[in-house]
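In: Here is a sequence together with a model predicted from it:
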Amino acid sequence: MREEIVDELEEFVRRGKLWHAEDLGVLIARLEAESDATDDPLPRTLGNTLRSLLLRMKLGDVPPRLASEVEGIVYPRLWKVMEAVRDGMPDSEIRIRIEVFSRRLSRTFAEET
């Protein structure tokens, strides 16, 4: 994954756009385009994880408690992915971090009552 994408992810987080469906959709599209342009599957994999949040948002209002839980997953897990890229870790480590992120987020949505 290119560091330019990591910079874009960091800016997205800095601007606090996680709960803005349109901005989240733009980020996901950007990650997909990056995968297409570079033949790197990692941005698309990360985009798919974020897409699960976008789909949940489209189902209806996200209760404050769930939103807090989601933020407690998304921000630290995104940071771990960005850190891995910036530290030059192998793609396999970045993939593992994205997969853990995806599983934690999926589990949170599955446990929603």
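Out: Cool, the structure landed.
In: If we go by neighbour counts, what in the top helix by length along the chain is buried?
Out: The helix spanning the most residues in the chain, taking DSSP state H as the definition, is helix 64-86. Within helix 64-86, the residues scored as buried using 16 or more other C-beta atoms under 10 Å are Leu66, Glu69, Val70, Ile73, Val74, Arg77, Leu78, Lys80, Val81, Met82, Ala84, Val85. Heads up, the C-betas are built off the backbone N, CA and C, glycines and all.
In: Need the pLDDT of the closest residue to the first one other than its chain neighbours.
Out: Take Leu66 and drop its neighbours on the chain: the residue closest to it by C-beta to C-beta, 6 or more residues apart in numbering is Glu112, 5.8 Å away. Among the per-residue scores, Glu112 holds a pLDDT of 88.
In: what's around Glu112, how many residues?
Out: 13 (other C-beta atoms under 10 Å).
In: That one touches Arg65, doesn't it?
Out: No: applying C-beta atoms under 8 Å as the test, Glu112 and Arg65 come out as separate, 9.4 Å apart.
In: Now the nearest residue to Val62 once chain neighbours are set aside: which helix or strand?
Out: In this structure, Val62 finds its nearest non-sequential neighbour in Arg56, 6.7 Å apart by C-beta to C-beta, 6+ apart. Assignment of secondary structure by DSSP states H and E places Arg56 within helix 41-59.
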